[in-house]
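Asker: Take a look and give me a structure for this.
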Amino acid sequence: MKINEENFWNEFNEIDSWDDWDDFKKKFFDENRLAIKSDDEWERSLNRGDEFINGLIWHAACCGYKDLHAYFLLDKSRALAFKKLEPEAFANNATKPELYGQICYHCEIWTRSHQPKACPVCNGELLQLPLNEK
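Answerer: Sure, this is the predicted structure:
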């Protein structure tokens, strides 16, 4: 299923609460309509190993959907919803860049560095990735 991005962002702009976000997410990211990767696909993605690109280590990532752009849209819209609905928490998180890396969902790679402004493989947009580290 391909997501109509114009409609997607128009509806996103109407989100005013976490209940709105839940409804939005169910509409556009329903697992019954978007193909989810199999366990074998997850394993193959994660077993690719690290790559050294433009002087940085990029780690393998695995996105849940077979449609990598849909997964990118999910994570980007989730981050923007958090910024819109929880501006104080978003601002607080912004003071702690060490807790985040960057990920390219299209190439399924991530880095701890904040240096790159775009993916070194596809030149696509990088999104923040919580590192889940202390």
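
Asker: Report pLDDT for Ser17.
Answerer: You'll see Ser17 listed with a pLDDT of 97.

Asker: mind listing what it touches?
Answerer: By Cβ atoms under 8 Å, 6 or more residues apart in numbering, Ser17 lies in contact with Leu85. C-beta: built from backbone N, CA, C; applies to glycine.

Asker: contact partners of the worst-scoring helix or strand of the chain on mean pLDDT?
Answerer: Lowest by mean pLDDT, DSSP states H and E among the helices and strands of the chain is helix 39-46, with a mean of 84. With contacts defined as Cβ under 8 Å, 6+ apart, helix 39-46 is touched by Lys37, Ala60, Ala61, Cys62, Cys63, Lys66, Glu108.

Asker: Include pLDDT when you put these into TSV, please.
Answerer: Formatted as TSV, these follow (pLDDT from 0 to 100):
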residue	pLDDT
Lys37	82
Ala60	92
Ala61	89
Cys62	85
Cys63	83
Lys66	81
Glu108	92
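
Asker: Show me what the longest helix anywhere in the chain is packed up against.
Answerer: Taking DSSP state H as the criterion, the chain has its longest helix at helix 68-85. For helix 68-85, the packing partners by 3 or more Cβ pairs under 8 Å, 6 or more residues apart in numbering; DSSP states H and E come out as helix 5-12, helix 18-28, helix 87-94, strand 127-130.
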